[in-house]
Every structure is written in structure tokens, then in C-alpha cells.
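*Asks:* this is the structure alone, sequence omitted:
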């Protein structure tokens, strides 16, 4: 372990990062600005709320022992070698902490999914940098594709959507189709089925068939005016509380002759009807679990909300593709380190964000009453999921101060406790 006996919050926070870095190859000795220092600096930049890179470097020079200049940071940000190191470090961190605690895994009560790795995958845009080139007479936002592991709650960057020369932007499906299938396998071992829960932008049935051949499955919602032919109605256990809300489960064939599965589901709170489609045609997987997977997709939107509105990561740092990719990996690292620190606080200090839990429980009770008043029952998977999917603003502000001032762990923990019980008066 890298953790000293008397630790500051910063030292404990960086333990998983340093462990991950120790497993990365292709490191070089750069005495003026090391690869490890670049990792630490980039995570700090992703967590800071400074609006410009120059403002952040000036501040970082005051609070850090790392020797850093504006030119030095942005030069490192353009390095493809360093980009590969940052990506590898996040992958090593994600792999090391891939196994979730049973109470933190929303799919624990669905053993039929034990051999499935489940990801919420989606596009997320960052505004153009100051120095970005114009595309068709306009500076454009930069779109990235991220994946959030719905078991471990850790996030990875999959791709940057780079438009062709004559195009204003590149669609996510075009970017995905150019990726090596190994990328979407997410380094999962042979025998593990990988599920990407995506919005309807992923719809391309022939592409789905290619993915399924390599053990990659899709869950999404049906587009309006989709043309399907039903080939079989599937029987399912209507007494299973995980299937509450499911109206029908069936096999359908698309217009280009690809067989998929469709689950029709009624939201117990609103009465709204959803039609989920998937390449998971294994009948042993309960249809209610498919519906729950898609509901869980919302967690990646909450992750984006955290990075955008709490980390304040709204704008690209640089104009090169490499700098944009590095930024995306740094955002993932910062998000993941926050999640791991929150887990450490829970296990070792008994600290959880009680005010958020209470708010969540009240919302669930309200939804249950609404469903019952309409003569419907809540799905057990939905009711059983009580995860906090993003860190509160008070937690992020506490962390920034503790990191910037090298606050001793015990003192910082005592300062955090009341912040996790109630909102500031």
C-alpha cells in the first residue's frame, strides 16, 4: 500500500490512483514534470472550479509542491504517450475495484444476470475550447462517449466523436461502428456477456447482430414508427415481484430480418407505457430485469450532472484531439476517485450522505403511494435500489478544501460528518 500512517485527505484520496499508476507500462523518467505528477495535476484540474487553464495553473502553483507551468501542462496535454498512460491508469483503477459490495450492486437480486457486465453508455458534450478551429464557420461542441459500470459505479471514456472534414459533427453510432469490438467488450473475460444500455441513438439492428456475435448485447427503447413482426409470445412469471409492471414479453423481427426481444412495460407511478428492445434473447433473464436495466441508465446522466455542475467541467481544455481525450480520462479518474473515497468513508468511518438518503426515501414513498392510488404496485427491483449515484455539492466543496490544504484525515472527517447529516443553514 502507498498510504502512510499519518495521512492527509489528499494522500488517502490518491492511494487508488498511485496503485493504478504502478501497473501502467510505457512510463518515462521526466525529471521536470513526471508522468505521475501529470496524473495528479490533471485530476486536480478536473476537480477544480477554475474557468480557465491559466487560472488553475496559477492557483495550483500556490497549493502544490509539483513544479508546473502553463506551457508545461498544455504540452503534456498534447502528448499521445501521456494520454495512453492516463487511459491505462483509469482502466487499471476500474479493473481493481470492479467487484461491488452486494448491497451496492442493484442486480444482486437477479442471479440470472451474474454472468453479465452491465454498462450505461451514452454521449456527453463539452463546449469548444478557446482555441478550437471552426467547423463550417462555427466552433462546435466536442462529443464524447462514456460508459458507467452499473455494478461498480465507475466510469470510463470510450471514444471522442471526430467529424469528417465535410461534416459539422459525427454521430455516436458512426463512431461506435468504427471501434474495435474489443473496446466495447470493456476488457471483460471470455464467458462474460457485456450489456450496453443506450438511448435510441444506438439503433442499428445489423450492427447489433455483429456485436452479439462477440458477446456484446444492447438494451434500449423502441423508436416511434418502428416496423416489427411478432414471432413468439414468451411466458413469464407474473407472480415474480421483479416482473411487476411487465405487460408482455415477445420475440420480434425487424424490417431487416434481425430477431430481437421486446418487453412492454407500464410505469407504476405515471402509467406511461414503455417498449424496451434488446438482443438479450435468453428467456431465463426476467423481462422486469430488462426494464430495470434501462431505468438504471439514468445513472450515467447523474454522473454527467456531477461532472458538469459540481466539477464544473463544461468546456474543453485544448483544441487537439489528444488533449480532449486526456481531459475525458481525467474527468473519469476524478469521478471514480470521488466514488472510491465515498466508499472508504462508508466502510471505515460509517459516514454516508444521510440527507440525500432521506430525500431519496421520501421520493420512493411518494411514488409508492401514487402507484397504489392508481391500483398499481411498484417493481421490487426499483424499490430495492437505494444507491446514491452522485456526490453532493457539500461533499465536493469539502473535498476541494481538504485536498488544497492537505487537511489531516481525522480533522477532515470530523468536519465532514455534520455536512452529511444536514444541509448548510
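*Replies:* Yep, that arrived. Please read these numbers as outputs of a predicted model, since none were measured by experiment.
*Asks:* quick check: bridge partners of residue 220?
*Replies:* Under DSSP bridges, the beta-bridge partners of residue 220 are residue 277.
*Asks:* ok, it touching residue 276?
*Replies:* Yes - taking C-beta atoms under 8 Å as the definition, residue 220 is a contact partner of residue 276 at 7.3 Å. Heads up, the C-betas are built off the backbone N, CA and C, glycines and all.
*Asks:* what helices or strands is the longest strand along the chain leaning on?
*Replies:* The longest strand of the chain (DSSP state E) is strand 116-126. Packing partners of strand 116-126 (3 or more C-beta pairs under 8 Å, 6 or more residues apart in numbering; DSSP states H and E): strand 142-149, strand 193-197, helix 287-296, helix 298-309.
*Asks:* quick one: which of those is nearest residue 117?
*Replies:* Closest approach to residue 117 among the helices and strands packed on strand 116-126 is made by strand 193-197 (5.0 Å; C-beta to C-beta).
*Asks:* what's the angle from the closest one to helix 287-296?
*Replies:* 50 degrees (axes from the mean of the first three to the mean of the last three C-alpha atoms, to 10 degrees).
*Asks:* the following helix or strand past strand 193-197 to strand 193-197, inter-axis angle?
*Replies:* Downstream of strand 193-197, the first helix or strand assigned by DSSP states H and E is helix 205-213. Between helix 205-213 and strand 193-197, the angle comes out at 150 degrees (the same axes, to 10 degrees).
*Asks:* hang on, the earlier thing: just name the most buried of the helices and strands packed on strand 116-126.
*Replies:* Of the helices and strands packed on strand 116-126, the one with the most neighbours on average (mean count of other C-beta atoms under 10 Å) is helix 287-296, at a mean of 24.
*Asks:* and the average pLDDT for that helix is what?
*Replies:* Across helix 287-296, pLDDT averages out at 97.
*Asks:* next one: that helix to chain centre, how far?
*Replies:* 17 Å (C-alpha atoms, centre = their mean, to the nearest Å).
*Asks:* over to stretch 391-398?
*Replies:* Distance of stretch 391-398 from the chain centroid (C-alpha atoms, centre = their mean) equals 18 Å.
*Asks:* that one: which residues count as buried?
*Replies:* Under the neighbour-count criterion of 16 or more other C-beta atoms under 10 Å, stretch 391-398 has 391, 392, 394, 395, 396, 398 buried.
*Asks:* residue contacts, the fifth one?
*Replies:* Neighbouring residues of residue 396 by C-beta atoms under 8 Å, 6 or more residues apart in numbering: 47, 306, 310, 311, 338.
*Asks:* and if we set it to 6 Å?
*Replies:* residue 310 (C-beta atoms under 6 Å, 6 or more residues apart in numbering).
*Asks:* which strand or helix spans it?
*Replies:* Assigned by DSSP H and E, residue 396 falls in helix 393-404.
*Asks:* now that helix: average pLDDT?
*Replies:* 96.
*Asks:* repeat for stretch 145-161
*Replies:* 97.
*Asks:* measure that stretch end to end?
*Replies:* The first residue of stretch 145-161 is 7 Å away from its last residue (C-alpha to C-alpha, to the nearest Å).
*Asks:* my read: residue 336 touches residue 156, true?
*Replies:* No - using C-beta atoms under 6 Å, residue 336 is not in contact with residue 156, being 8.7 Å away.
*Asks:* for residue 259, which non-adjacent residue is closest in space?
*Replies:* Leaving aside its sequence neighbours, residue 259 sits nearest to residue 253 (C-beta to C-beta, 6 or more residues apart in numbering; 5.3 Å).
*Asks:* who's in contact with residue 292?
*Replies:* Residue 292 neighbours (C-beta under 6 Å, 6+ apart): residue 381.
*Asks:* so how far is residue 384 from it?
*Replies:* 10 Å (C-beta to C-beta, to the nearest Å).
*Asks:* what do you get for residue 19?
*Replies:* Residue 19 is 32 Å from residue 384, by C-beta to C-beta.
*Asks:* more crowded one of these two?
*Replies:* Higher neighbour count among residue 19 and residue 384: residue 19, with 17 against 14, using other C-beta atoms under 10 Å.
*Asks:* check which helix or strand covers that one.
*Replies:* Secondary structure (DSSP H and E) places residue 19 in helix 9-21.
*Asks:* average pLDDT for that helix?
*Replies:* 96.
*Asks:* got it, and stretch 331-341?
*Replies:* Stretch 331-341 comes out at a mean pLDDT of 98.
*Asks:* how many neighbours does residue 422 have?
*Replies:* 11.
*Asks:* helix, strand or coil for it?
*Replies:* Assigned by DSSP: H, G, I helix; E, B strand; the rest coil, the conformation of residue 422 is coil.
*Asks:* so what's it closest to, chain neighbours aside?
*Replies:* Per C-beta to C-beta, 6+ apart, closest to residue 422 is residue 355, 5.8 Å.
*Asks:* what about the one you found, how many residues nearby?
*Replies:* Residue 355, neighbours per other C-beta under 10 Å, totals 15.
*Asks:* same deal with the one 4 residues further on?
*Replies:* Using other C-beta under 10 Å, residue 359 is surrounded by 13 other residues.
*Asks:* likewise for residue 125?
*Replies:* Residue 125 has 16 nearby residues by other C-beta under 10 Å.
*Asks:* all numbers from here: first residue = 737
*Replies:* New numbering, starting at 737: the last item is residue 861.
*Asks:* that one against residue 879, yeah?
*Replies:* Yes - here residue 861 reaches residue 879: they are 4.9 Å apart, a contact under C-beta under 6 Å.
*Asks:* where do the helices sit along the stretch 787-936 of the chain?
*Replies:* Taking DSSP state H, counting those that start in this stretch as the criterion, the stretch 787-936 of the chain carries its helices at 789-799, 806-813, 816-832, 908-914, 917-921.
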